[in-house]
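Engineer: just coords:
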């Protein structure tokens, strides 16, 4: 199967985000902040995969009670004991069914996340 015509453009965008900065509009998503001594253990039970390392972001699948894939959420490990869960609004009920750890702050009031490298950004390529 051939790649779509947007492959080169997407590749360049991803390269720029990895070495510079990117913006993710999450206005239509559920957003949660999870903290506390039991946060990592609770998240490890909620997600079907390894948790991201400190300072990293990961697409994290969740499973239903029957073991089937329920959905993918984005999990941010801020590295200071604070975790952010971002996902489709329809999965909000699943988040709440799982039961909260010691500190649980449902929905965060943010509409965009800024993510970038700590390196000096490169100028954009000439158009």
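Structural biologist: Great, that's in hand. For clarity, every value in this text was computed on a predicted model and none was experimentally measured.
Engineer: Three-state assignment for residue 41, please.
Structural biologist: Three-state assignment for residue 41 (DSSP: H, G, I helix; E, B strand; the rest coil): helix.
Engineer: Could you pull out the buried residues of the lengthiest helix in the chain?
Structural biologist: Assignment by DSSP state H gives helix 7-19 as the longest helix of the chain. By 16 or more other C-beta atoms under 10 Å, the buried positions in helix 7-19 come out as residue 16. C-beta coordinates here come from the backbone N, C-alpha and C atoms, glycine included.
Engineer: tell me what it is packed against?
Structural biologist: Using 3 or more C-beta pairs under 8 Å, 6 or more residues apart in numbering; DSSP states H and E, no helix or strand is in contact with helix 7-19.
Engineer: what's the following helix or strand after that helix?
Structural biologist: strand 21-25 (DSSP states H and E).
Engineer: by contact count, what packs against that following strand?
Structural biologist: The helices and strands touching strand 21-25, judged by 3+ C-beta pairs under 8 Å, 6+ apart, are strand 112-116.
Engineer: pLDDT averaged over the strand it packs on - what is it?
Structural biologist: Across strand 112-116, pLDDT averages out at 49.
Engineer: what's the answer for stretch 17-27, then?
Structural biologist: Mean predicted confidence for stretch 17-27 is 75.
Engineer: again, but for stretch 55-63
Structural biologist: 90.
Engineer: What strands line up against the strand ranked longest in the chain, and which way round?
Structural biologist: Assignment by DSSP state E gives strand 69-77 as the longest strand of the chain. For strand 69-77, the paired strands and their directions (DSSP bridges) are strand 57-63 (antiparallel), strand 83-88 (antiparallel).
Engineer: And the contacts of the shortest one?
Structural biologist: This points to strand 83-88. 26, 29-35, 39-40, 43, 71-78, 95, 108, 113 (C-beta atoms under 8 Å, 6 or more residues apart in numbering).
Engineer: tell me which residues in it are buried?
Structural biologist: So strand 83-88, judged by 16+ other C-beta under 10 Å, has buried residues 83-87.
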